[in-house]
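A.B. asks: here is a sequence with its predicted model. Questions after.
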Amino acid sequence: MTAPTMTTAQPFQFVTASYLTCVEHQRATNLMELAACLETADDGAIFHHTFQTLGRHHFLTERFSNDFAQWVLASLNQAELAERLAGIDIRDYISIAELRADLRHTVLEFCEAHPREATQSAFEPLYFLRAVAVTIPLPWDAHSLPGFRAGLERLSHASFYHHFIASRLRLQLRTNDFSHWFAAALGLEKLAARTDAIDIYTNTLDTARAELIAMVDREIGA
Amino acid sequence: MSTTTETASQIPASSTAGTDTVARGGEAPKTLDQYVAEVGAAEVDDLRTLARPLEGATVEMVNSTAVGGGVAELLTRLLPLMRELGLHARWHVLEGAEEFYDVTKAFHNALHGQAYHPGPRDFDIFIEYNRRNREKLSLEGRFVVIHDPQPAGLIDGRKENGGQTWVWRCHIDLSRPDPAVWNFLKAWVERYDAAIFSAPEFSRQLPMPQYLFYPSIDPLADKNRELEPEFVNQVLERYGIDARRPILTQISRFDRLKDPLGVIRAYKLVKRYQDCQLVLAGGGASDDPEGTVVLAEVREAAGADPDVHVLELATSAPLEVNALQRASTIVIQKSLREGFGLTVAEALWKKKPVVASAVGGIPTQVIHKHTGMLAHSVEGTAYQIRFLLSHPEIARKLGEQGHEHVRENFLITGNLRRYLTLFLKCVQS
């Protein structure tokens, strides 16, 4: 059976996700305070300021990809640390605990090397916020690659973000919902790998989706 | 007497607590399908999906005025959309006499950080009018959303074990409240299940979850909808503004906190290098003693410069404001202090490059060098304007990214989505 006609007993269930932003009453006014907040902040706050930045500012690809890096640059003018924080790739993490530890380690390492800058006051404080998610199944699913393509085209930004980016933590795997389904349900390992290689940092959500649709089209046409 | 504004038929013809149409000043209520062109079919489909588990639930919204002000404007637009999604959304307007509104106005200013010297009966008046309204209002819906401090005491009427969720939506900046007023109100506020603020720095330390809901604009409202170029040109001609030369515009009431004199100084610095015109347009000076003084100061500072246009608009002139924003080369918002500053979102929605002060909610809207330019002084404002006038391609890109930022975060559909998500979260919990 070829990809266009292949069906699976494990359908892909599209969902939509919607996020509330909760104010956390933690704020950092310098780098040492940032390190302290990174240690104690709720997991949902670390998620909000890293993963969710990609969804909130998805139309901006020039901006740093997490709020910590952006704040360190914009409010503390510490470009080197900002670049190092921005270089932490969320695709490498399957748990918030690991991501939190690396963010904190990066800040503390910089503070040790630059003690004067560690307590330099920021122009604006960084307010810690927490993401609270609600998900609802959409009234359509996919049993085949063409069905998947049709469903993919109908997704909102929030839904695409949920399946393609936020899913990495939920799955506890270094992959996303789409790649996981391609491999596990359809046996399309190569498509799964190519999908996972779409750069979520240099793409907007719209261009990432367009790239994925083009890949699926090639697979269907193969 | 309190007024419930659920449907047009419930409203006496003479009532000022209007139906949707009355409160919109004649604009017809919009349907969700009309927003597809602005936010896409997928976003509207999402709203329908999110609302489905909430169908039939009653939402009670309570505020202090049916017309005028941002909250009333929001509710007139939001409630019809909630109803279209199958929720029983009802709007109740608090009723009070002059003494009550004098007290709540003083409270409002005190919560914004102004000095407050309470009269001997102030707190009693607040309690008494909340009690009277509580007796008249029937707030038995699944969700009760109380807007701002005036009706905060209505929570005394909450039924024990009634399965309700009470939410306090605070639209004002509580970062530096007068302690006497805040401690008085806090006794009620702490009993709500959740609170909503417009910016993290506006919130207070409270025992319940506090959510961040950005204020929003309606892309289909007269103030924001697309206009015919002919109409825009007519407005420019009416005010003697030259459409062929760069136009810098600040739309704000004549208030020192909006720093109109600083805008004129920035314009004069720009004018040394670039040909341009300045439009300072605002309303409300005629019924505001301080506004009249500020307007006179602005006119004096403008002097005889024919390229400075100081326009006192009618209190509600949404189409003119829209036209002036659309005609602008750059929109300025050089506030010294600001709440959220939705005039910035209005300009960004129209794809205008914005130069604005980094105060209040403005940095949330203007991400420096991405969706606009932030400045901290007259000189900085002038420099950013000169830079954008010299680099129209960068100005165009800022405007386009600003438009996307507003689409993603500051439209009424996003506000509706947040309310639905909050209600769903309560149901799922």
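C.D. replies: Arrived safely, thanks for sending.
A.B. asks: show me where chain A has its helices.
C.D. replies: In chain A, the helices defined using DSSP state H lie at A:31-40, A:43-56, A:67-74, A:79-86, A:96-113, A:115-118, A:145-153, A:157-161, A:167-171, A:177-186, A:189-196, A:205-221.
A.B. asks: with just CA atoms, put the third one into PDB.
C.D. replies: What follows is the C-alpha trace of helix A:67-74 in PDB, where atoms were taken according to Å, rounded to 0.1, in the frame of the first residue of the first chain:
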ATOM      1  CA  ASP A  67      11.600  35.800  27.100                       C
ATOM      2  CA  PHE A  68      14.700  35.400  29.300                       C
ATOM      3  CA  ALA A  69      17.100  36.100  26.500                       C
ATOM      4  CA  GLN A  70      14.900  39.000  25.200                       C
ATOM      5  CA  TRP A  71      14.800  40.600  28.700                       C
ATOM      6  CA  VAL A  72      18.500  40.200  29.300                       C
ATOM      7  CA  LEU A  73      19.200  42.000  26.000                       C
ATOM      8  CA  ALA A  74      16.400  44.700  26.100                       C
END
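A.B. asks: quick one, what contacts the residue positioned nearest the centre of chain B?
C.D. replies: Central residue of chain B (Cα atoms, centre = their mean): B:Gly70, 4.5 Å from the mean position. For B:Gly70, the contacting residues are B:171, B:215, B:342, by Cβ atoms under 8 Å, 6 or more residues apart in numbering or on different chains. Using the backbone N, CA and C atoms, a C-beta is placed for each residue, glycine as well.
A.B. asks: in helices, which of the residues you listed fall?
C.D. replies: Per DSSP H, helices hold the following members of those: B:Leu342.
A.B. asks: ok, back up a step: which of the helices of chain A comes out lowest on mean pLDDT?
C.D. replies: Sorting the helices of chain A by mean pLDDT places helix A:167-171 lowest, at a mean of 81.
A.B. asks: counting contacts, what elements does it pack onto?
C.D. replies: Packing partners of helix A:167-171 (3 or more Cβ pairs under 8 Å, 6 or more residues apart in numbering or on different chains; DSSP states H and E): helix A:43-56, helix A:177-186.
A.B. asks: tell me which of those lies nearest to chain B.
C.D. replies: Set against chain B and scored by Cβ to the nearest Cβ, the helices and strands packed on helix A:167-171 come closest in helix A:43-56, at 6.9 Å.
A.B. asks: what's the angle between the closest one and helix A:205-221?
C.D. replies: 80 degrees (axes from the mean of the first three to the mean of the last three Cα atoms, to 10 degrees).
A.B. asks: return the set of buried residues in helix A:43-56.
C.D. replies: In terms of neighbour count (16 or more other Cβ atoms under 10 Å in any protein chain shown), helix A:43-56 has its buried residues at A:44-56.
A.B. asks: let me have those in CSV, adding distance to chain B as columns.
C.D. replies: Formatted as CSV, the buried residues of helix A:43-56 follow (distance: Cβ to the nearest Cβ, whole Å):
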residue, distance to chain B
A:Gly44, 11
A:Ala45, 12
A:Ile46, 16
A:Phe47, 15
A:His48, 10
A:His49, 12
A:Thr50, 17
A:Phe51, 16
A:Gln52, 12
A:Thr53, 11
A:Leu54, 12
A:Gly55, 9
A:Arg56, 7
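A.B. asks: what about B:Trp166, which SS state?
C.D. replies: strand (DSSP: H, G, I helix; E, B strand; the rest coil).
A.B. asks: number of residues surrounding it?
C.D. replies: B:Trp166 has 20 neighbours, counted by other Cβ atoms under 10 Å in any protein chain shown.
A.B. asks: hmm, it is touching B:Asp156, no?
C.D. replies: No: between B:Trp166 and B:Asp156 there is no contact under Cβ atoms under 8 Å: 10.9 Å.
A.B. asks: what does the stretch 101-250 of chain B have sitting close to chain A?
C.D. replies: Contact residues, the stretch 101-250 of chain B versus chain A (Cβ under 8 Å from any Cβ of the partner chain): B:197, B:200-201, B:203, B:205, B:209-212.
A.B. asks: any of these buried? List them.
C.D. replies: Counted by 16+ other Cβ under 10 Å, those give B:197, B:200-201, B:203, B:209-212 as buried.
A.B. asks: show me those residues that map onto strands.
C.D. replies: B:197, B:210-212 (DSSP state E).
A.B. asks: in this structure A:Ala118 contacts A:Cys111, no?
C.D. replies: Yes: counting by Cβ under 8 Å, A:Cys111 is a contact partner of A:Ala118 at 3.7 Å.
A.B. asks: can I get the contacts of B:Gly70 in CSV including pLDDT?
C.D. replies: Listed next are the contacts of B:Gly70 as CSV, based on pLDDT from 0 to 100:
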residue, pLDDT
B:His171, 91
B:Pro215, 93
B:Leu342, 91
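A.B. asks: which residues of chain A lie near chain B?
C.D. replies: Counting by Cβ under 8 Å from any Cβ, chain A sits next to chain B at A:16, A:18-23, A:25, A:27, A:56-60, A:62-63, A:74, A:124-125, A:127, A:129, A:132, A:134, A:136, A:138-139, A:154-159.
A.B. asks: could you identify the buried members of those residues?
C.D. replies: A:16, A:18-23, A:27, A:56-60, A:63, A:74, A:125, A:127, A:129, A:132, A:134, A:136, A:138, A:155-159.
A.B. asks: out of these, which are inside strands?
C.D. replies: Among these, the members falling in strands (DSSP E) are A:16, A:18-23, A:27, A:127, A:129, A:132, A:134, A:136, A:138.
A.B. asks: widest-spaced pair of those?
C.D. replies: Spatially, the most separated pair among those is A:Arg27 and A:Leu138, at 36.8 Å (Cβ to Cβ).
A.B. asks: could you pull out the strands for the stretch 251-400 of chain B?
C.D. replies: B:277-283, B:308-313, B:330-333, B:354-357, B:373-375 (DSSP state E, counting those that start in this stretch).
A.B. asks: anything in the shortest one near chain A?
C.D. replies: No: for a cut-off given as Cβ under 8 Å from any Cβ, strand B:373-375 has no contacts with chain A; the smallest distance is 9.2 Å.
A.B. asks: name the strands paired with that strand and say parallel or antiparallel.
C.D. replies: When pairs are called by DSSP bridges, strand B:373-375 turns out to pair with strand B:354-357 (parallel).
A.B. asks: ok, the first one next?
C.D. replies: For strand B:277-283, sheet partners with direction are given as strand B:247-251 (parallel), strand B:308-313 (parallel), following DSSP bridges.
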